[in-house]
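>>> Test case, fold it:
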Amino acid sequence: MIRFLLHACCAPCGIAVIDELKSQYDLTVFFYNNNIYPEEEYLKRKKYVVQICDEWLIPMIDFDYNQTDWREAVQGLENEPEGGARCSKCFRLRLETTARYAKENNFDIFCTTLTSGRNKKAEVINPIGVEVGLKYGVMFFETDWKKAGRQQKARKMVEERGIYRQNYCGCRFSHNNLII
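Prediction:
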């Protein structure tokens, strides 16, 4: 069976994707989201990804939480708007780390749940994934996880399980701009 490494940003974005892929591939979930601020938020999001993986017996890699790497990657882009150049740098950091891990651990394909997010653009994320996949010699599974009813399915699954749904993207800048 094809070994598939799926970068998951959070449970609401990941649940329908994991459900779809788990019967088609030898799936492993990769949790690498050092952009998430504060750490308590990171731990809360991780908790629900772990819960899903445990429920469905999906292996999960909990990669290092290292805000320093993320801050260095987005340095100079602090004043960028949400969805701008800072976000692209953040996507690249996480996708490149995922691709490198996939190569080093003999995965055939990698992907991300980032395109599930209602404000995340597949036309921005997928080219980055393809590029880093070529760099590391691992195929990137290019898709927009919002399509084909997946977003609605995910929303229903999250609600049924009482999974925490965050109200901001994750980084300190989106947190600081949060309007409650």
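
>>> Every contact and neighbour count from this point should use C-alpha atoms.
Fine.

>>> Tally up the residues packed near residue 113, please.
24 (other Cα atoms under 10 Å).

>>> That one against residue 145, yeah?
Yes - Residue 113 is in contact with residue 145 according to Cα atoms under 8 Å; the separation is 7.0 Å.

>>> In the longest helix belonging to the chain, which of the residues would be classed as buried?
Criterion DSSP state H: the longest helix present in the chain is helix 85-104. Residues of helix 85-104 classed as buried: 86-87, 89-103 (neighbour count, 16 or more other Cα atoms under 10 Å).

>>> quick check, distance from the worst-scoring helix or strand of the chain on mean pLDDT to the centre of its chain.
Lowest by mean pLDDT, DSSP states H and E among the helices and strands of the chain is helix 172-176, with a mean of 79. Centre-to-centre, helix 172-176 and its host chain are 18 Å apart (Cα atoms, centre = their mean, to the nearest Å).

>>> Name the surrounding residues that touch that helix.
35, 36, 37, 38, 78, 82, 168, 169 (Cα atoms under 8 Å, 6 or more residues apart in numbering).

>>> re earlier: now the common contact residues for residue 113 and residue 145.
By Cα under 8 Å, 6+ apart, the residues touching both residue 113 and residue 145 are residue 17.

>>> where does this structure dip in pLDDT?
177-180 (pLDDT under 70).
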